[in-house]
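Chemist: No sequence on hand, only this structure:
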């Protein structure tokens, strides 16, 4: 007579072999999801205009130049309302910005409907001069102090570079 047939444990081992892998993945994901501690923020609002016009829907972004905000790589930003005002957000809506020195950029792109009002809109070109939309070139600077509040009004020219290019083409 032959030896009694033992049930195979190979399939059971294979089915359970994913448990340690899943546990390692869970620990790894949890470790990766830990974010850097949030910096303290102060509520900050401001007002911006582009050649005297209120740029509704524009985005104002602060780029830290030094200090804890630069180390944490946070970029407080605000969306401009119809009256030209904005409130800065760093972590949650309207919470403000960490104190420090910042370069300020402004992007103002309006929706265009090249295929008619019923078609999907497309984002148009930036209506602000390129210099003011680039954090390395913008001359705009602000300081967010402890207990902040309202920033000094920000005035931005409208597309100077493109206007100069357009004028050159008419002169030629």
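Modeler: In hand now; what should we look at? Predicted, not measured: the structure shown is a model, and the values here were computed from it.
Chemist: can I assume residue 124 sits in a helix?
Modeler: No: looking at residue 124 with DSSP: H, G, I helix; E, B strand; the rest coil, it is strand, so not inside a helix.
Chemist: I'd assumed residue 110 was in contact with it.
Modeler: Yes: applying CB atoms under 8 Å as the test, residue 124 and residue 110 come out as touching, 5.1 Å apart. The C-beta positions use only the backbone N, C-alpha and C, and glycine is treated the same way.
Chemist: The protein: strands as residue ranges?
Modeler: 44-50, 59-64, 77-79, 85-87, 100-107, 109-112, 122-126, 141-144, 149-150, 154-156 (DSSP state E).
Chemist: Mean neighbour count, these: which tops it?
Modeler: The highest average neighbour count among those, using mean count of other CB atoms under 10 Å, belongs to strand 59-64 at a mean of 22.
Chemist: Tell me which residues are up against that one.
Modeler: 46, 48, 70, 73-80, 86, 88, 97-98, 100-108, 135, 142, 144, 154 (CB atoms under 8 Å, 6 or more residues apart in numbering).
Chemist: tell me the contacts of the closest residue to residue 53 other than its chain neighbours?
Modeler: Spatial nearest neighbour of residue 53, chain neighbours left out: residue 158 (7.8 Å); criterion: CB to CB, 6 or more residues apart in numbering. Residue 158 makes contacts with 50, 51, 53, 127, 128, 129, as judged by CB under 8 Å, 6+ apart.
Chemist: Return the set of residues that bridge with the closest residue to residue 70 other than its chain neighbours.
Modeler: Distances taken as CB to CB, 6+ apart place residue 64 nearest to residue 70, at 4.0 Å, with adjacent residues excluded. Legend: beta-bridge partners of residue 64 under DSSP bridges are residue 102.
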